[in-house]
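Colleague: return atomic coordinates for the entry below.
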Amino acid sequence: MPNNLLEHINNPADLRLLDEAQLPQLAQELRDFIINIVATKEGHLGASLGVVELTIALHYVFNTPEDLLVWDVGHQAYGHKILTERRTIFHTNRQLGGISGFPKRSESIYDTFGVGHSSTSISAALGMAIASNLKGDFEKQHIAVIGDASIASGMAFEGLNHAGVTDANLLVILNDNAIGIDPSVGALKKYLTSVKEGKNPKQNNMIRSLNFDYSGPIDGNDIFAVIKELKRLQKIKGPKFLHLITTKGKGLQQAEENQVKYHAPGKFDATTGEIIPKSEENLPPKYQDVFGLTILDLAKKNEKIVGITPAMPSGSSLKFMMDAFPKRAFDVGIAEQHAVTLSAGMATQGMIVYCNIYSTFLQRAYDQVIHDVALQNLPVIFCLDRAGLVGEDGATHHGVFDLAYLRCIPNLIIYAPSNEIDLQNILYTSQLGLNHPIAIRYPRGRGVINDWERLHLGKYEKLEIGKAKLLKSGSKVAILSTGSIGNNVTLALAKIEDPENFAHYDFAFVKPLDEKELHTIFNQFETIITVEDGVIKGGFGSAILEFAATHHYTPKIQLLGIPDTFIEQGSIDELQQYCKISVDSLEITFSSY
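Modeller: Below you'll find the model as predicted:
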């Protein structure tokens, strides 16, 4: 056999020239390639390692890109990208100007559907399959690869429910490894486990009951078994379902043994698998840990407090409370709509509910926020982690729309802390009893206060709802910021030649706005600059413009924030620079006044 097969494979047509007996060697090379690049460039690791054999088998058996392959979420699509004309540029993965960390239609004809959020693959592939039937193409294959964590989501069931009453040429492949980012949860997970262990009677098969041709479970890391089964299913018409058992992190011992940590491990030693430690000494805490440790502290003192997260216990740091109070903190799986309405139901019974959802994922439960929470004025406390620009995950994950999509909802309070103390104080204030629901948005990454936990945790101050703060006095220009991006404003003002010209106000409350303070500002200043790390259209700056128009003020107003375009991947610093809200960009803007 040639020493290196992978370097001669640029696309699936090259792959299909190989003898089937060569494919285990290719699988090893592909695994090594992924490990070597992710070790230095960072990214999602375990998911792609687990589906190397499946990835090769799919492109070997099916005639991609004519046959349409849809990956769910896309964490597991690195092998797919490498085999589909992107091997030589894979080192640019998740970098500014490089390839996306997720499948993306504009990037490749092999990426049939753009993803980043879960549970969309079955509906998308079914849509493609029905379209093929309508065009008279009954031979084209349509394959959706979905994980056991994603299939528990309501949307996946909606797709299965529809597919089962069609004659669509659809193959759903369940990549069952019992873990998403954190371990999978729920009754469906228990059902799949009983199927894997042979404890579920064949006549009880729920997938078969939905009119799917069900096969499996088979070993998804046995490439010959997978190819044999795919070739058999290729000849069967109508909706089909293949249950594969895989090992997340396959081929790297540490990634197999610690699947949560190696989902996206950061930099690591490609040979030993050991994660290269980052010095965390004397660093400010992550905002997620400020949330997690604060809610745990509050929950110890208030037994009505409950926590809810849709499949992000580690990422949100709700895990601290889940470990301490397992009956009062819930991971409900990838089910954002359910998480919000579950919170609403609990709130009707007097519970104090902290519903922690990433900003970008709350988009998936927008109707529930309006209809089930705000319309009924239930005091659910939404904690929106990863608000603003999140960096290398790119357009699917930036939490930049929340201020705009939440600001228009009646009854909803919106708060964006500028630092860790503000965050712990609003979490404390919220459980004292609010008359309305509240959304608290805070960024990915670290805060600004060293030794926060020792110096500040547990020392709370009740905040006045709707109050803005003057951070710095000035004579000519008023800068109004909301949230942690205000720290960039402070740093920029410290660098300019005439800082005395600029006043800086922190409008942590985007709703309700501090109108008393705004009247003072508009009567005092002829120039106002607003700064936010959300979209300019409809965001905080828009609220200031609305206030000015309503009260017939006519100063010069400049809005700074995220422009009206989808922001791709890159480091947070690079993306802030692009959006002109980095410290350097703000310094240039302020110096022009």
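
Colleague: name the nearest residue to F547, sequence neighbours excluded.
Modeller: Spatially, and ignoring its direct neighbours in sequence, F547 is nearest to L518 (5.5 Å; Cβ to Cβ, 6 or more residues apart in numbering). Where C-beta positions appear, they are placed from N, C-alpha and C, glycine not excepted.

Colleague: that neighbour - that's part of a helix, no?
Modeller: Yes: assessed by DSSP: H, G, I helix; E, B strand; the rest coil, L518 belongs to a helix.

Colleague: got the contact list for it?
Modeller: 468, 544, 547 (Cβ atoms under 8 Å, 6 or more residues apart in numbering).

Colleague: TSV for the residues you listed, including pLDDT and distance to F157?
Modeller: Output for these, formatted as TSV (pLDDT from 0 to 100; distance: Cβ to Cβ, whole Å):
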residue	pLDDT	distance to F157
A468	98	45
I544	98	43
F547	98	44
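
Colleague: how close does the residue nearest to F547 sit to M206?
Modeller: Separation of L518 from M206 (Cβ to Cβ, to the nearest Å): 57 Å.

Colleague: what's the closest non-adjacent residue to D148?
Modeller: Spatial nearest neighbour of D148, chain neighbours left out: D176 (4.5 Å); criterion: Cβ to Cβ, 6+ apart.

Colleague: what's around that neighbour, how many residues?
Modeller: Burial of D176 is recorded as 24 neighbouring residues (other Cβ atoms under 10 Å).

Colleague: what's the pLDDT at the residue nearest to L45 when sequence neighbours are not counted?
Modeller: Closest residue in space to L45, ignoring its immediate chain neighbours: V38 at 4.9 Å, by Cβ to Cβ, 6+ apart. pLDDT for V38: 90.

Colleague: can you tell me what sits against the helix or strand hosting Q424?
Modeller: Per DSSP states H and E, Q424 falls inside helix 420-431. For helix 420-431, the external contacting residues (Cβ under 8 Å, 6+ apart) are 284-285, 287, 290-291, 294-295, 298, 302, 304-305, 352, 354, 379, 381, 383, 415, 417, 438, 440, 442, 447-449, 452, 456-457, 460-463, 465, 508.

Colleague: hmm, try it at 7 Å
Modeller: The contact list for helix 420-431 (Cβ atoms under 7 Å, 6 or more residues apart in numbering) reads 285, 287, 290-291, 294-295, 298, 302, 305, 352, 381, 415, 417, 438, 440, 442, 447, 449, 452, 456-457, 460-463, 508.

Colleague: same check, this time on stretch 26-41
Modeller: The contact list for stretch 26-41 (Cβ under 7 Å, 6+ apart) reads 4-6, 18, 45, 48-49, 52-53, 56, 78-79, 82, 90-91, 93, 223, 251-252, 267-270.

Colleague: make a PyMOL selection of the buried ones in those residues.
Modeller: Here is the PyMOL command that selects the buried residues among the contacts of stretch 26-41 (16 or more other Cβ atoms under 10 Å):
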select buried, resi 5+6+18+45+48+49+52+53+56+78+79+82+90+93+223+251+252+268+270
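
Colleague: looking at the contacts of stretch 26-41, which are in helices?
Modeller: Those of the contacts of stretch 26-41 mapping onto helices are 48-49, 52-53, 56, 78-79, 223, per DSSP state H.

Colleague: for burial, what's the neighbour tally of the residue lying closest to G292 once chain neighbours are set aside?
Modeller: Leaving aside its sequence neighbours, G292 sits nearest to S317 (Cβ to Cβ, 6+ apart; 2.8 Å). Using other Cβ under 10 Å, the number of residues around S317 comes to 25.

Colleague: wait, S317 sits on F291?
Modeller: Yes: the pair S317 and F291 passes the contact test of Cβ atoms under 7 Å, sitting 5.9 Å apart.

Colleague: list the residues that contact both of the two?
Modeller: Residues touching both S317 and F291 by Cβ under 7 Å, 6+ apart: none at all.

Colleague: now do the buried residues in stretch 3-20.
Modeller: For stretch 3-20, by 16+ other Cβ under 10 Å, it's 5-6, 9-12, 15, 18.

Colleague: which one of the residues you listed is nearest I245?
Modeller: Proximity of the buried residues of stretch 3-20 to I245, judged by Cβ to Cβ, is greatest for L15, which lies at 23.8 Å.

Colleague: which element, helix or strand, includes the residue nearest to L45?
Modeller: Secondary structure (DSSP H and E) places V38 in helix 23-41.

Colleague: if you count contacts, what does the strand or helix carrying I308 end up packed against?
Modeller: Assessed by DSSP H and E, I308 sits inside strand 305-309. When contacts are defined as 3 or more Cβ pairs under 7 Å, 6 or more residues apart in numbering; DSSP states H and E, strand 305-309 packs onto helix 287-301, strand 329-331, helix 336-348, strand 352-358.

Colleague: in CSV, list the C-alpha atoms belonging to stretch 579-593.
Modeller: The C-alpha coordinates for stretch 579-593 follow below in CSV (Å, rounded to 0.1, in the frame of the first residue of the first chain):
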residue,chain,number,x,y,z
CYS,A,579,-17.0,46.1,13.7
LYS,A,580,-15.0,49.2,14.9
ILE,A,581,-15.7,48.6,18.5
SER,A,582,-12.2,47.4,19.5
VAL,A,583,-10.2,49.6,21.9
ASP,A,584,-8.0,50.8,19.0
SER,A,585,-11.0,51.5,16.8
LEU,A,586,-12.8,53.4,19.5
GLU,A,587,-9.7,55.5,20.2
ILE,A,588,-9.6,56.5,16.5
THR,A,589,-13.3,57.4,16.6
PHE,A,590,-13.2,59.4,19.8
SER,A,591,-10.0,61.2,18.6
SER,A,592,-11.9,62.5,15.6
TYR,A,593,-14.3,64.6,17.8
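
Colleague: now it: how far from the chain's centre is it?
Modeller: 29 Å (Cα atoms, centre = their mean, to the nearest Å).

Colleague: stretch 15-25 now?
Modeller: 36 Å.

Colleague: what do you get for stretch 393-407?
Modeller: For stretch 393-407, the distance to the chain centre is 10 Å (Cα atoms, centre = their mean).

Colleague: could you pull up the mean pLDDT of it?
Modeller: On average, the pLDDT along stretch 393-407 is 97.

Colleague: buried residues in that stretch?
Modeller: By 16+ other Cβ under 10 Å, the buried positions in stretch 393-407 come out as 393-407.

Colleague: out of those, which is nearest to P239?
Modeller: T396 (27.4 Å).

Colleague: T120 is in contact with that closest one, correct?
Modeller: No: using Cβ under 7 Å, T396 is not in contact with T120; the gap is 10.6 Å.

Colleague: just the buried members of the contacts of L518?
Modeller: By neighbour count, with 16+ other Cβ under 10 Å, those hold 468, 544, 547 as buried.

Colleague: cross those against helices and list the overlap.
Modeller: Per DSSP H, the buried ones among the contacts of L518 map to helices at 544, 547.

Colleague: any idea how far R105 is from the residue nearest the centre of the chain?
Modeller: The residue lying closest to the centre of the chain (Cα atoms, centre = their mean) is H397, at 4.7 Å. Computed as Cβ to Cβ, the H397 to R105 distance reads 17 Å.
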